[in-house]
Structures are given as structure tokens and as C-alpha cells.
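Trainee: Quick one: sequence plus predicted model below, questions after.
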Amino acid sequence: KNGVTIAGGHEQGGATIQLYYPHGFFVDDDQTVIIADLMNHRIVQWKNGDTTNGQVIAGGKGEGRGLNQLQYPTDVLVDK
């Protein structure tokens, strides 16, 4: 079997197809991948089968302590 890149792979950056020092990740039962994107201060998810674009689900509004901000997230945990 061959692997498929589903997240990142487009140099570092802030677009939803890019990651900048990704750290922890989580894969749920539906094969959705959720990644802590450290230097972009956000959590990004890729739904199963979507290899073109991630969706910011937390943070993404710069570094900070606001309700819509994160500061260097390093891990992801999902409680279902």
C-alpha cells in the first residue's frame, strides 16, 4: 500500500493547506485527523478523504489569550 499526504506538505505557512511546526495529533473513529499547529497557534482538522484543505477548529486568530486564540498548542485530546 502507498501512503497519501493528507495534511501539510506545502512548505510552512498559515494557509489551511499548510502547517507550521505541527506537534500532537489525534485520529478519531471516522479517520478525521486533528493536528496541533504550534507556530500558527491553531488546531486544524482534516476530514476522512479530504486531502486538499484543513479546517481551523480552534485558535487561528494569532497568539494570545482571547477566546478565539491559542498560544503554542502542543497536543490534541478529543473526548467523545
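Mentor: Looks like it came in fine. Numbering: from 1, shown residues only.
Trainee: Quick check: which element contains the residue nearest in space to the middle of the chain?
Mentor: Centroid-nearest residue in the chain: residue 44, 2.6 Å away (criterion: Cα atoms, centre = their mean). Using DSSP states H and E, residue 44 falls within strand 42-46.
Trainee: same question for that strand, mean pLDDT?
Mentor: Averaged across strand 42-46, pLDDT comes to 95.
Trainee: other SSEs contacting the following helix or strand past that strand?
Mentor: Sequence-wise, the next helix or strand downstream of strand 42-46 (DSSP H and E) is strand 55-59. Applying 3 or more Cβ pairs under 8 Å, 6 or more residues apart in numbering; DSSP states H and E, one finds that strand 55-59 makes contact with strand 42-46. All C-beta spots, glycine's among them, are computed from the backbone N, C-alpha and C.
Trainee: The strand it packs on pairs with which strands, parallel or anti?
Mentor: strand 33-37 (antiparallel), strand 55-59 (antiparallel) (DSSP bridges).
Trainee: Show me what the strand holding residue 44 is in contact with.
Mentor: Contacts with strand 42-46, where a contact means Cβ atoms under 8 Å, 6 or more residues apart in numbering, come from 6-7, 16, 19, 32-37, 53-60, 70, 73, 76.
Trainee: now do 6 Å
Mentor: With contact meaning Cβ atoms under 6 Å, 6 or more residues apart in numbering, strand 42-46 is reached by 6-7, 32-37, 54-60.
Trainee: beta partners for residue 36?
Mentor: Beta-bridge partners recorded for residue 36 (DSSP bridges): residue 43.
Trainee: Am I right that it is in contact with residue 24?
Mentor: Yes. Between residue 36 and residue 24 a contact is recorded at 4.6 Å, counting by Cβ atoms under 6 Å.
Trainee: which of those two has more neighbours?
Mentor: Between residue 36 and residue 24, counted using other Cβ atoms under 10 Å, residue 36 has the larger neighbour count: 25 against 14.
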